[in-house]
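> Next input, structure requested:
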Amino acid sequence: MLHRFLLIVILLSVVVLGRPSSASDVPFDSVMYLFVQNPDTNTSKKLNYVETSANVEIVSNYKDSLEKERDMAVFYRNTIEHILEHSSKDDRMESLKKVVEEAEIFDQNASVYHVFYANDKLVIKYFLKDFEFLSQVDSVKPLLKKHIKGDLHSAVYLKLKREIETGEMEESLREIPDESDRAFIYIVLNSMFRYKEDVSSMIENYKYQLTDEKQLYFLVNRFWHKENYDSKKYFAFSWGGAVIKSFGRLSDKIGLSPGMYLGIDFVRKDFLYEWFMDINGCQNKELDSLQFYDMRWDFNFGYTFLKKDHLNLFGYVSAGLGMNGLSARGKDSNDKANNDLPIQFSPAFGAGVMVDLFFTEKKHIHHGLRFRTGVRSLFSGDVLKTSGVRLYASLEWTFREYTKKPIDFDYSFRESGVK
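Numbers count the residues shown, from 1 in each chain. The predicted model follows:
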């Protein structure tokens, strides 16, 4: 009885364990997984060739439509160019209006290729003599772009430029009764071929005709660009020679001294900031075999008291470090004979004036002459056994490098100005 029960259990186990497994019962990394998948329940993405073919056809049709759109845009441009080039002013107006109307309708529905871009519309409005449109700031403002875009540049823009150069445009604009509108349109159309500096000069020349404040303000805000050299802010360099005269007991020790001066200036809002160095040397009166020398490194702070186109006058005070000593004449500075000679460092103070005189017109670099004179302290108790002041005078070559500053448009010629 027991052996029959065991046999039944074994048979049932074989039936249960030996049945085919589903995909969910087999590990993914098992080779059996390849054989137990149900192809009807496989969710892998299948390639839909019908759908792919439809997409290719859509892309192809869109490409064809773009090519047709481009061809139509080129056709309208070529037609407009042909009318302007081969028809007289009297004969072309009606045909030009008709083509432009069709082109504008085309542009409203175009997706990529257009007949008219921003600046193009202004040019076409001129040839259509739509001066009412061109005189309105609100109409012109969104169309007047920085760069010209579009194939019309090749012919229509050149025709407009010829009319500007030959004076035909001025003749065409004379039929406009309002002088402010005439000046406004003339400047706007000229701006397509000129730099801002040139347009700024035109605004300056026509400012009395531009009686419409809105037009004037738009032109100034859009184009005005003028700069001038800033006479209150510049960098300067000077180099030259000087003569130094000692006073008091110093004059008993040393006579006239030649010197070499070097200055680097920076002027801002008429205030002078100068780093200055001078080297002076002369023979000691008491000991002919010795040479007296002194050097200074000063900072000069001053102000511009007189400022003309070719003449500047400065006053300044000085503070710095001075060094003076003796050296053996005819000996190298490294010679042993100089080792025991005294050297003294001391603070240095002074004051002076200088005059810059220029002989050329003010440009980015301005060359001229500098005359400098003043007094300085000399402390030489360890070297000359005395101290005092010295008077100096120098002649220097100088040049300035100016920065530029923008010039605002001057509305003072009008009583109310532009708010």
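
> looking at it, residue 206 is touching residue 183, isn't it?
Yes - assessed by C-beta atoms under 8 Å, residue 206 is found in contact with residue 183 at 4.2 Å. (Glycine included, C-beta is placed from N, CA and C.)

> These two - which one has more neighbours?
Ranked by neighbour count (other C-beta atoms under 10 Å), residue 206 and residue 183 place residue 183 first, with 26 against 18.

> from what I can see residue 302 touches residue 315, true?
Yes - here residue 302 reaches residue 315: they are 5.4 Å apart, a contact under C-beta under 8 Å.

> Return the helix or strand in this structure with minimum mean pLDDT.
Every helix and strand in the chain was compared by mean pLDDT, DSSP states H and E; the lowest is helix 33-36, with a mean of 42.

> any idea how the chain splits into domains?
Here the domain parsing of the chain from automatic domain parsing is 68-223, 230-330+337-403.

> who does the helix ranked longest in the chain touch, helix- and strand-wise?
Assignment by DSSP state H gives helix 49-86 as the longest helix of the chain. Counting contacts by 3 or more C-beta pairs under 8 Å, 6 or more residues apart in numbering; DSSP states H and E, helix 49-86 packs against helix 89-109, helix 156-166.

> ranking those by burial, who's on top?
Counting by mean count of other C-beta atoms under 10 Å, helix 156-166 has the highest mean neighbour count of the helices and strands packed on helix 49-86, with a mean of 16.

> starting at the chain centroid, how far to that helix?
From the chain centre to the centre of helix 156-166 is a distance of 31 Å (C-alpha atoms, centre = their mean, to the nearest Å).

> contact partners of that helix?
By C-beta atoms under 8 Å, 6 or more residues apart in numbering, the residues outside helix 156-166 that reach it are 80-81, 84-85, 120, 123-124, 126-127, 148, 168-169, 172, 189-190, 192-193.

> Poorly predicted segments of the stretch 51-200 of the chain, please.
51-57, 145-153 (pLDDT under 70).

> hmm, 90 instead?
Scanning the stretch 51-200 of the chain for pLDDT under 90 picks out the ranges 51-70, 73-74, 76-78, 80-97, 103-104, 107-122, 142-159, 192-196.

> got the contact list for residue 103?
Taking C-beta under 8 Å, 6+ apart, we find residue 103 in contact with 76, 80, 115-116.

> now swap in residue 313 and tell me
Taking C-beta under 8 Å, 6+ apart as the definition, contacts of residue 313 comprise 304-307, 353-355.

> Equivalent analysis for residue 180, please.
Counted by C-beta under 8 Å, 6+ apart, residue 180 has contacts 209-212, 215.

> right, and the helix or strand after the helix or strand encompassing it?
Using DSSP states H and E, residue 180 sits within helix 179-190. Following helix 179-190 in sequence order, the next helix or strand is helix 196-205 (DSSP H and E).

> between the next helix or strand after that following helix and helix 179-190, how many degrees?
As assigned by DSSP H and E, the chain's next helix or strand after helix 196-205 is helix 213-223. Interaxial angle of helix 213-223 relative to helix 179-190 (axes from the mean of the first three to the mean of the last three C-alpha atoms, to 10 degrees): 20 degrees.

> Residues contacting helix 213-223, please?
Outside helix 213-223, the residues that reach it (C-beta under 8 Å, 6+ apart) are 135, 137, 140-141, 144, 180-181, 183-184, 187-188, 191, 196, 199-200, 203, 207, 210, 409, 416, 418.

> average pLDDT for it?
Mean per-residue pLDDT for helix 213-223: 94.

> Quick check: buried residues in it?
Buried residues in helix 213-223, counted by 16 or more other C-beta atoms under 10 Å: 215-220, 222-223.

> got the residue ranges for the strands in the stretch 201-350 of the chain?
227-246, 257-268, 271-283, 290-307, 311-328, 343-358 (DSSP state E, counting those that start in this stretch).

> and those as TSV, adding distance to residue 372 and mean pLDDT?
Formatted as TSV, the strands of the stretch 201-350 of the chain follow (distance: least, C-beta to C-beta, whole Å; pLDDT from 0 to 100):
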stretch	distance to residue 372	mean pLDDT
strand 227-246	8	90
strand 257-268	7	93
strand 271-283	9	89
strand 290-307	10	91
strand 311-328	9	91
strand 343-358	4	94
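
> what about the ones you listed, which gets the closest to residue 402?
Nearest to residue 402, of all these, is strand 227-246, at 3.9 Å by C-beta to C-beta.

> Start and end of stretch 82-91, how far apart?
Using C-alpha to C-alpha, to the nearest Å, the end-to-end distance of stretch 82-91 comes out at 13 Å.

> circling back to that earlier point, can you say which of the contacts of helix 156-166 are buried?
With neighbours counted by 16+ other C-beta under 10 Å, these contain buried members at 80-81, 84, 120, 123-124, 126-127, 169, 172, 189-190, 192.

> Turn the residues you listed into TSV, including distance to residue 241.
Output for the buried ones among the contacts of helix 156-166, formatted as TSV (distance: C-beta to C-beta, whole Å):
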residue	distance to residue 241
80	73
81	71
84	71
120	66
123	65
124	70
126	66
127	70
169	61
172	67
189	60
190	55
192	57
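
> more crowded one of residue 302 and residue 315?
Of the pair residue 302 and residue 315, residue 302 is the one with more neighbours under other C-beta under 10 Å, namely 21 against 15.

> Find the nearest non-adjacent residue to that one, please.
Spatially, and ignoring its direct neighbours in sequence, residue 302 is nearest to residue 316 (2.8 Å; C-beta to C-beta, 6 or more residues apart in numbering).
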